[in-house]
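> below are the sequence and a predicted model; questions follow.
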Number of protein chains: 2
Amino acid sequence: MAEGPPLVAELLPRCTFPPPGDALDCAVSGGADSLALLALAVAAGCRVTAIHVDHGLRAGSAAEADVVAGAADLLGAGFVGRTVAVGAGPNTEARARAARFSVLPVGVATGHTMDDQAETILLNLLRGAGSDGLAGMEPGRRHPLLGLRRCETHAVCAALGLAPVHDASNEDPAFLRNRVRHELLPLCAELAGRDPVPLLARQAGVLRDEVTLLDSLAAEAAPDPHDAKALAQLPRPLARRTVRRWLRAAGGGEHPPSLAEVERVLAVASGEAVATEISGGRRVRRSAGRLSVGPARSDSVSR
Amino acid sequence: MAEGPPLVAELLPRCTFPPPGDALDCAVSGGADSLALLALAVAAGCRVTAIHVDHGLRAGSAAEADVVAGAADLLGAGFVGRTVAVGAGPNTEARARAARFSVLPVGVATGHTMDDQAETILLNLLRGAGSDGLAGMEPGRRHPLLGLRRCETHAVCAALGLAPVHDASNEDPAFLRNRVRHELLPLCAELAGRDPVPLLARQAGVLRDEVTLLDSLAAEAAPDPHDAKALAQLPRPLARRTVRRWLRAAGGGEHPPSLAEVERVLAVASGEAVATEISGGRRVRRSAGRLSVGPARSDSVSR
């Protein structure tokens, strides 16, 4: 596919795709954001594969795979369909997300826009996630559309004659993100007297620069996060960041570590406690001056 | 006055008053927060002077001075009454605040609580004020009650038999802070499924530690904020902080500098622009490699 219609050429400079010729897997649900991701990635010159995940949660979800396969064919991208089983029960959104990411390749690009960024920031604010959470998602090859508005992805689909799948769950107030979108953001707009989305996105960029600098200082000051003594002697902000970085790299938690968890791990590092349980059924313990993280249940308490 | 009733002794460890014997001026409007500030400051052993500012905006505002004078007398604190003239017109809240601070001594303590802290953080979020704004007010002698909830200041007044002045303007939705208090915070509480006030306050503390570290790194890397070349060569997060610190120290703006203003000043530092106007009718200009800030109108454009 060539550059496409004028709108696509106009939006591309605000996207953060990898260089032309690079392979790029794109997660494509069939909604406007992800169809626009697919179209823009192709227009950017990447070798694109659209990956659709059928959660089997909605009637007609298999037909959505056909929509994505058809769009990929039209645009000249590859297509891979995956199916996961998400049973009924509580916390469907989080379980569907976990199942989806379990079958998507590492580094897959998603169609999150500036509007999703603002929603993510407010969700993180409600969790008290600190500067990492308020810095939102990082623009780059995994999130190439953070510079675009949601309405622009709809315009891309319209310009290319792509008919997006309508996902009714985007209106369901049972999902916290939808209440942020339909209640919290509009109230913020009313109080601020202007659209808060670009404001929150710009602020996230500044916070991200600060977070990146602090993380590099922390990595320099404490190259080994398992060294309890070194950790306990760091300036508090760097010690907190080292713990965050370590726990996130270790994996196993759904969200970034909470402020309270980080403080409890630092108490273990300084010797005020021997071990502490953290989210994801994990336990952080100290033994012979070394910190380790593992499953809570298999851990026998020892000094 | 001795330690007072059990409630006062219980709350004092969560306050950040200066050591016993220190002189402390307290801004006291006569509301529950500031009357509690007065009582707790006396109980902390400070030599306290209550300062009341009559804005002349409300019928009966002179009588409020009598309430404060009476409470100061009862508690064994000094009293000073000041009167300022705030004319009718738009933006009354900001003008009253400016007039009040023009007659209050530097370093005066105020009765802001953890609830005010949360409101301030959300107001700053709506302005996109970056990490400084999200770090809120700094606990210490100027804000000794940030560890207390608003309801606790009412309880202190009740325990001591002090009858606070009711300020009807606290309910007026024309003031943005009141809409944050009565609409935004309750919605956040509903979505978060818990009281967001302690969450936001705890997050502010972590952000403040990071901001303090970044500021000290910035001060070390660029001791002279007027040196345009040195500023332009700093890592972006430190350059931004140096500009913020400089503009705030220079005074003249009502709010902390906005992200956009800071970027424009950095463009002047790097030579992309010769001068830029910023809030408060000020202009930042570069001349012979030096940055300066002054009134916009008296500034003649030159290289």
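Yep, that arrived.
> what residues does chain A have near chain B?
A:125-131, A:134, A:176, A:179-180, A:183-184, A:187-188, A:191-192, A:196, A:199-200, A:202-203, A:206-207, A:209-210, A:212-214, A:217, A:235-238, A:240, A:259-260 (C-beta under 8 Å from any C-beta of the partner chain). For every residue, glycine as well, the C-beta is placed using N, CA and C.
> out of these, which are buried?
Neighbour-count burial (16 or more other C-beta atoms under 10 Å in any protein chain shown) applied to those gives A:125-131, A:134, A:176, A:179-180, A:184, A:187-188, A:191-192, A:196, A:199-200, A:202-203, A:206-207, A:209-210, A:213-214, A:217, A:235, A:237-238, A:240, A:259.
> so which of these are in helices?
A:125-127, A:130-131, A:134, A:176, A:179, A:187-188, A:191-192, A:196, A:199-200, A:202-203, A:206-207, A:209-210, A:213-214, A:217, A:237-238, A:240, A:259 (DSSP state H).
> so who does the residue nearest to A:Val211 when sequence neighbours are not counted touch?
For A:Val211, ignoring the flanking residues on the chain, the nearest one in space by C-beta to C-beta, 6 or more residues apart in numbering or on different chains is A:Ala135 at 4.9 Å. By C-beta atoms under 8 Å, 6 or more residues apart in numbering or on different chains, A:Ala135 lies in contact with A:204, A:207-208, A:210-211.
> also A:Cys188?
A:122, A:196, B:125-126, B:184.
> which strands or helices does the lowest-mean-pLDDT helix or strand in chain A pack on?
Of all helical and strand segments in chain A, the minimum by mean pLDDT, DSSP states H and E falls on helix A:92-103, at a mean of 82. Secondary-structure packing of helix A:92-103 (3 or more C-beta pairs under 8 Å, 6 or more residues apart in numbering or on different chains; DSSP states H and E): strand A:47-54.
> partner strands of the strand it packs on, with direction?
If you go by DSSP bridges, strand A:47-54 pairs up with strand A:23-27 (parallel), strand A:78-83 (parallel).
> among the ones you listed, which is the most enclosed?
Highest mean neighbour count among the strands paired with strand A:47-54 (mean count of other C-beta atoms under 10 Å in any protein chain shown): strand A:23-27, with a mean of 21.
> ok, and what's touching that one?
Outside of strand A:23-27, the residues that reach it under the criterion C-beta under 8 Å, 6+ apart are A:17-18, A:34, A:37-38, A:41, A:46-51, A:53, A:77, A:100, A:104-105, A:107-111, A:141.
> report the separation between A:Pro186 and chain B.
Distance, A:Pro186 to chain B, by C-beta to the nearest C-beta, to the nearest Å: 10 Å.
> let me see the contact set for the nearest residue to A:Arg100 once chain neighbours are set aside.
Nearest residue to A:Arg100 in three dimensions, chain neighbours excluded: A:Val53, at 4.8 Å (C-beta to C-beta, 6+ apart). Residues counted as contacts of A:Val53 (C-beta under 8 Å, 6+ apart) are A:27, A:29, A:82-84, A:99-100, A:103-104.
> for beta bridges, what are the partners of A:Val53?
Assigned bridge partners for A:Val53, using DSSP bridges, are A:Arg82.
> if I look at it, how far off is chain B?
27 Å.
> got it, and A:Arg149?
17 Å.
> count the residues that sit near that residue.
For A:Arg149, the neighbour count with other C-beta atoms under 10 Å in any protein chain shown is 18.
> give me the pLDDT for it.
On the pLDDT scale, A:Arg149 is placed at 98.
> and the gap between it and B:Val268?
Applying C-beta to C-beta, to the nearest Å, one obtains 30 Å for the distance of A:Arg149 from B:Val268.
> A:Asp73 too?
A:Asp73 is 52 Å from B:Val268, by C-beta to C-beta.
> and if you look at A:Ala222?
Distance, A:Ala222 to B:Val268, using C-beta to C-beta: 38 Å.
> ok, A:Asp73 and B:Val268, which is more surrounded?
Higher neighbour count among A:Asp73 and B:Val268: B:Val268, with 21 against 12, using other C-beta under 10 Å.
> tell me which residues touch that one, please.
Applying C-beta under 8 Å, 6+ apart, the residues near B:Val268 are B:228, B:274-276, B:284-286, B:291.
> end to end on stretch A:46-62, go ahead and measure it.
27 Å (C-alpha to C-alpha, to the nearest Å).
> show me which residues of that stretch are buried.
Neighbour counts over stretch A:46-62 (16+ other C-beta under 10 Å) mark A:46-55, A:57, A:61 as buried.
> ranges for the helices of the stretch 201-303 of chain A?
A:228-233, A:236-250, A:259-269 (DSSP state H, counting those that start in this stretch).
> who does the first one touch, helix- and strand-wise?
In terms of contacts (3+ C-beta pairs under 8 Å, 6+ apart), helix A:228-233 is packed against helix A:236-250, helix A:259-269, strand A:290-295.
> buried stuff in that helix?
Neighbour counts over helix A:228-233 (16+ other C-beta under 10 Å) mark A:228, A:230-231 as buried.
> now, among those, which is nearest to chain B?
Chain B lies nearest to A:Leu231 out of the buried residues of helix A:228-233, by C-beta to the nearest C-beta, at 15.5 Å.
> run a quick neighbour tally on A:Val67.
By other C-beta under 10 Å, 20 other residues sit near A:Val67.
> wait, which of the contacts of A:Cys188 is closest to B:Pro6?
B:Leu184 (34.9 Å; C-beta to C-beta).
> can I assume the closest one is in contact with A:Leu185?
No. Between B:Leu184 and A:Leu185 there is no contact under C-beta atoms under 8 Å: 11.4 Å.
> what sits against A:Leu176?
Applying C-beta under 8 Å, 6+ apart, the residues near A:Leu176 are A:93, A:123, A:126, B:191.
> which among the strands paired with strand A:47-54 is found nearest to B:Leu145?
Here strand A:23-27 is closest among the strands paired with strand A:47-54 (C-beta to C-beta), at 48.6 Å.
> and the angle from whichever helix or strand comes after that closest one to strand A:47-54?
Later in the chain than strand A:23-27, the nearest helix or strand by DSSP states H and E is helix A:32-43. Interaxial angle, helix A:32-43 versus strand A:47-54 (axes from the mean of the first three to the mean of the last three C-alpha atoms, to 10 degrees): 160 degrees.
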